[in-house]
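Participant: give me coordinates for this.
(one chain, ligands or ions: 1)
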Amino acid sequence: MIEVENLTVEFGRGAATVRAVRGVSFTVAQGESYGLVGESGSGKSTVLRAIARINPEFGGTIRVNGTPLTSKRSRDEARRMQMVFQDPYGALHPRHTVDAILREPLEIHRVGDKDRRIKAALSDVGLGPEFRFRYPHQISGGQRQRIAVARALILEPEILLLDEPTSALDVSVQAEVLNLLKRLQRERGLTYLMVSHNLAVVAHICERVAVMNRGRVVEELTASTLRGGEPAEAYTRQLVSATEGYDREAVRGYVTYE
Ligand SMILES: Nc1ncnc2c1ncn2[C@@H]1O[C@H](COP(=O)(O)OP(=O)(O)OP(=O)(O)O)[C@@H](O)[C@H]1O
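Facilitator: Coordinates of the predicted model:
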């Protein structure tokens with residue numbers, strides 16, 4: 001469970017201060033998938049980065065399973081909460097094989113039975129053992145993102161923070177990775193907090209959604225209200241209609257399961 005209360009994040013000082021997040025509150029229940037949507041610059045990634053402590057400075061309170069987060073991420077917490085980034089190429093070390101990439105978190109956290117776990121992690125994301133000794137440049141973008149998901153899950157966390165996990169992928173590959181994420185969430189009862197500028201992606205994965213604008217949450221709504229296109233706030237309606245044509249087509253491609 002993630003409880004965010006009156007979160008504020010500022011960058012810079014004096015006249016140059018950017019108030020990126022301004023008093024954001026929401027709660028994500030255990031096993032729920034919750035989305036943050038909004039235009040570029042609305043502050044959604046900054047919320048996620050505060051929870052992951054990539055930006056360690058924040059105001060307000062963030063509690064994970066009841067424990068308030070401090071500016072330093074504990075080792076135990078890293079096991080419970082993992083993050084998947086937009087760009088799988090940037091997130092994976094180019095000179096490490098898939099095996100080394102998946103082995104690293106097991107070594108850091110002194111988890112045994114490494115070979116078995118690595119093979120299982122690959123199979124969990126739909127990749128065969130032949131991928132194990134390849135380098136990131138020897139596999140496709142979608143396969144790289146599957147490896148990033150495998151790495152995030154290899155320590156068996158409860159929570160995944162997903163920052164635009166499919167935005168760098170072609171639409172057809174996006175659908176595959178989204179279906180994979182959805183299946184893993186269902187099978188393992190994972191809690192997801194996902195950021196995307198793409199309403200269709202969020203409506204496909206998430207049960208509830210917070211819409212952000214200029215650092216604030218303007219509306220919290222269910223995915224079915226979002227899909228139905230009848231949100232209460234004018235800003236959300238604008239966001240829906242701005243993306244309607246393209247995304248409604250795209251979402252039709254998402255509703256198949258592996
Ligand atoms: N490290 C930083 N230093 C200064 N300003 C920053 C920093 N990170 C983010 N910002 C600013 O904070 C605001 C919110 O950015 P954020 O990345 O959270 O938006 P976003 O909604 O996730 O958009 P995008 O989808 O484009 O990433 C923006 O005005 C951005 O320029």
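
Participant: near the ligand at all, the helix or strand hosting residue 25?
Facilitator: Element membership for residue 25 (DSSP states H and E) is strand 18-28. Yes: on the criterion C-beta under 6 Å from any ligand atom, strand 18-28 is in touch with the ligand at 18, 20. (Each C-beta comes from the backbone N, C-alpha and C, glycine too.)

Participant: the ligand contacts on the protein?
Facilitator: With C-beta under 6 Å from any ligand atom as the criterion, the chain meets the ligand at residues 11-12, 18, 20, 38, 40-46, 197.

Participant: now, those residues that are in helices?
Facilitator: In helices, judged by DSSP state H, the following of the residues of the chain next to the ligand are found: 44, 45, 46.

Participant: which of those has the largest number of neighbours?
Facilitator: Most neighbours among those, by other C-beta atoms under 10 Å: residue 44, with 28 neighbours.

Participant: go ahead and confirm it touches residue 26.
Facilitator: No: judged on C-beta atoms under 8 Å, residue 44 makes no contact with residue 26 at a distance of 11.4 Å.

Participant: returning to what we had before: tell me the strands beside the strand holding residue 25, with direction?
Facilitator: Paired neighbours of strand 18-28 in the sheet (DSSP bridges): strand 2-11 (antiparallel).

Participant: buried set for the partner strand?
Facilitator: Neighbour-count burial for strand 2-11 flags 2, 3, 4, 7, 8, 9, 10 (criterion: 16 or more other C-beta atoms under 10 Å).

Participant: what pairs with the third one across the strands?
Facilitator: Here residue 4 shows beta-bridge partners residue 26, residue 62, assigned using DSSP bridges.

Participant: for it, give me its contacts.
Facilitator: Listed by C-beta atoms under 8 Å, 6 or more residues apart in numbering, the contact partners of residue 4 are 24, 25, 26, 27, 47, 51, 60, 61, 62.

Participant: angles on the backbone of residue 139, please.
Facilitator: phi -130, psi 160 (degrees, to the nearest 10).

Participant: give me the number of residues near it?
Facilitator: By other C-beta under 10 Å, 18 other residues sit near residue 139.

Participant: next one: residue 14
Facilitator: When neighbours are defined as other C-beta under 10 Å, residue 14 has 5 of them.

Participant: so it versus residue 193, what's the distance?
Facilitator: Remark: distance between residue 14 and residue 193 (C-beta to C-beta, to the nearest Å) = 32 Å.

Participant: how long is stretch 163-180 end to end?
Facilitator: 16 Å (C-alpha to C-alpha, to the nearest Å).

Participant: chain center to that stretch, what's the gap?
Facilitator: Relative to its chain's centre, stretch 163-180 lies at 12 Å (C-alpha atoms, centre = their mean, to the nearest Å).

Participant: so where's the stretch 151-258 of the chain shaky on pLDDT?
Facilitator: Applying pLDDT under 70 to the stretch 151-258 of the chain flags the ranges 229, 243-258.

Participant: please enumerate the helices of it.
Facilitator: For the stretch 151-258 of the chain, the helices defined by DSSP state H, counting those that start in this stretch cover 171-188, 199-205, 223-228, 234-252.

Participant: quickly compare these and say which is most buried.
Facilitator: Highest mean neighbour count among the helices of the stretch 151-258 of the chain (mean count of other C-beta atoms under 10 Å): helix 199-205, with a mean of 25.

Participant: and that one, C-alpha only, in CSV?
Facilitator: Provided in CSV are the C-alpha atoms of helix 199-205 (Å, rounded to 0.1, in the frame of the first residue of the first chain):
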residue,chain,number,x,y,z
LEU,A,199,-4.8,7.6,-21.4
ALA,A,200,-5.5,4.4,-23.3
VAL,A,201,-2.4,2.7,-21.8
VAL,A,202,-3.4,3.8,-18.3
ALA,A,203,-7.1,2.8,-18.8
HIS,A,204,-6.0,-0.6,-20.0
ILE,A,205,-3.7,-1.4,-17.0
